[in-house]
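K.L.:
Model the structure of this input:
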Amino acid sequence: MNREPGFNNKLLKYVQDSVKHKFSVYVFGIVSYICIVMNASNKMTPKELALLDQMQRLHYSHGLITTALSILRQSREAQDEMLLYMYEKNPSERKFVERLAAICATDANMQKQTRM
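P.N.:
Purely as a prediction, here's the structure:
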């Protein structure tokens, strides 16, 4: 599997930070989600790792995390918006999904307008 340079160092830093801040419960979850979400052709960016970490800390379900990351990979702007929203509001899964759906609907409407 080809990984971006320094991936192992980044992963180690996230693990160390988790342990340092007494989030050791999350270490296994973070590592396992990274393994599930990543494959040879898809590398996680630092923003995607931050999204993953925040969703894990908010105890979102595995299905929501993998689906949300798949959707958010398509737009850096959506990643920024959702990351900011999560840090500011600490939303429930339901509120997170509602916000993500609103972003997707806005993006779909913008694409329709540019085609016309």
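K.L.:
can you give me the mean pLDDT across the helix or strand hosting L52?
P.N.:
In this structure, L52 sits in helix 46-57 according to DSSP states H and E. The average pLDDT for helix 46-57 rounds to 89.
K.L.:
Let me know the next secondary structure element after that helix.
P.N.:
That would be, after helix 46-57 and using DSSP H and E, helix 62-72.
K.L.:
How about residues contacting that following helix?
P.N.:
The contact list for helix 62-72 (Cβ atoms under 8 Å, 6 or more residues apart in numbering) reads 33, 36-37, 48, 51-52, 55-56, 60, 78-79, 82, 93, 96-97, 100, 104. Where you see a C-beta, it was placed from the backbone N, CA and C, and this is true even at glycine.
K.L.:
mind redoing it with 6 Å?
P.N.:
Residues from elsewhere that reach helix 62-72 (Cβ atoms under 6 Å, 6 or more residues apart in numbering): 37, 55, 78-79, 93.
K.L.:
for the chain, what helix or strand is lowest in average pLDDT?
P.N.:
helix 24-37 (a mean of 52; mean pLDDT, DSSP states H and E).
K.L.:
Any idea how far apart the tips of stretch 84-98 sit?
P.N.:
15 Å (Cα to Cα, to the nearest Å).
K.L.:
Tell me the buried residues in it?
P.N.:
Along stretch 84-98, these residues count as buried under the neighbour rule (16 or more other Cβ atoms under 10 Å): 85-86, 91, 93, 96.
K.L.:
what do you get for stretch 63-81?
P.N.:
65, 68-69, 71-73, 78-79, 81.
K.L.:
Now that stretch: average pLDDT?
P.N.:
90.
K.L.:
I'd guess M44 is in a strand, am I close?
P.N.:
No: counting by DSSP: H, G, I helix; E, B strand; the rest coil, M44 is not part of a strand but coil.
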